[in-house]
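Visitor: model this:
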Amino acid sequence: MFSPDPIPTLKTVSPPPEDDNEGSDTATEGGNDDDTPPSFPSLNSAQRVQSTPKIFTESQAMPPPPVPQLSQRTLGVNSGSRSSESSSSLTVLQTTQRPAKPSKNRKVALAPGHSPLDWAQLKSSGTNLRGVDTLARIPPSVLKQHNKRDDAWSAFYGKVYNITPYLAFHPGGEKELMRVAGRDGTKLFATTHAWVSVDLMLDECLVGFLVPEPSS
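Guide: Down below sits the predicted model:
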């Protein structure tokens, strides 16, 4: 038969007695409540001696700026000069040339039914605006024969157009467009209508192409 295990017992252990001298040392080391950080650099270090700022005397210091005399100042007038000819920030600058006058609008009042929309509708109506059956090679000598209001041709960028049906639709008026009748109007067109596509505007009026005069 097996014998039962012994029942464990609790043993009370007393703390060792405190040493008065040892406790006093611990209180001295850990009982310092001064949180002031130490001086850095040290008060007697070489770094502190070199970094000490130099204090100037009143004779060596920069004198203060003069006090502005606000009561004697005039708004818009330079304080350095009191004469009537003194410079001013509010003075209007004089120019040596007069400003250019705005250019007058070259558009004229068109007759009813002659707006750009009416011209677009006329082009798409199927009406023969060329006045010719086929395209031709046109020298300057032939072009200059078509310089009348009822028979006006003009060349633009190497292409010759019958501008007769477009005279009444021209926003600048018939007189201005007749200036290029019977001749090459590319230069004048580029000067006044550089943003306009002549091919899109006069495509249904094309009669031929400008070519040099034939050699004799």
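
Visitor: what about this structure, any weak spots by pLDDT?
Guide: 1-53, 69-96, 99-106, 216 (pLDDT under 70).

Visitor: what segments of it are helices?
Guide: Along the chain, counting by DSSP state H, helices occupy 20-30, 46-50, 116-123, 140-143, 174-177, 186-192, 198-201.

Visitor: any idea how far residue 65 lies from residue 184?
Guide: 74 Å (CB to CB, to the nearest Å). All C-beta atoms are positioned from the backbone trio N, CA, C, and that covers glycine.

Visitor: go on, residue 138?
Guide: For residue 138, the distance to residue 184 equals 11 Å [CB to CB].

Visitor: okay, and the common contacts of these two?
Guide: 155, 210 (CB atoms under 8 Å, 6 or more residues apart in numbering).

Visitor: hang on, the earlier thing: who's more crowded, residue 65 and residue 184?
Guide: Set residue 65 next to residue 184 and count neighbours by other CB atoms under 10 Å: residue 184 wins out with 18 against 6.

Visitor: can you tell me how far the residue nearest to the more buried one when sequence neighbours are not counted is from residue 143?
Guide: Leaving out its chain neighbours, the residue that sits closest to residue 184 by CB to CB, 6 or more residues apart in numbering is residue 155, at 4.4 Å. Applying CB to CB, the value for residue 155 to residue 143 is 6 Å.

Visitor: same check on residue 189?
Guide: Taking CB to CB, one finds residue 189 at 15 Å from residue 143.

Visitor: mind checking which of those two has more residues around it?
Guide: Shown here are residue 189 and residue 143; by other CB under 10 Å, residue 143 has more neighbours (21 against 18).

Visitor: what distance do you get for that one to residue 153?
Guide: With CB to CB as the criterion, residue 143 and residue 153 are 6 Å apart.

Visitor: so for these two, which residues contact both of them?
Guide: 160, 182.

Visitor: ok, back up a step: the residue nearest to residue 184: neighbour count?
Guide: When neighbours are defined as other CB under 10 Å, residue 155 has 22 of them.

Visitor: contacting residues for it?
Guide: Residue 155 is in contact with 138, 143, 161, 183, 184, 185, 186, 210, counting by CB under 8 Å, 6+ apart.

Visitor: the fifth one contacts residue 140, correct?
Guide: To tie it back to what came earlier, the one meant is residue 184. Yes: between residue 184 and residue 140 a contact is recorded at 7.4 Å, counting by CB atoms under 8 Å.

Visitor: identify the contacts common to these two.
Guide: With CB under 8 Å, 6+ apart as the test, residue 184 and residue 140 both reach residue 210.

Visitor: hang on, the earlier thing: shared neighbours of residue 155 and residue 143, anything?
Guide: Jointly contacting residue 155 and residue 143 under the rule CB under 8 Å, 6+ apart are 183, 184, 210.

Visitor: how about the contacts made by the last one?
Guide: When you say that, I think you mean residue 210. Taking CB under 8 Å, 6+ apart as the test, what residue 210 contacts is 138, 139, 140, 143, 155, 158, 159, 160, 184.

Visitor: hmm, try it at 10 Å
Guide: Residue 210 makes contact with 137-140, 142-143, 153-160, 184, 186 under the criterion CB atoms under 10 Å, 6 or more residues apart in numbering.
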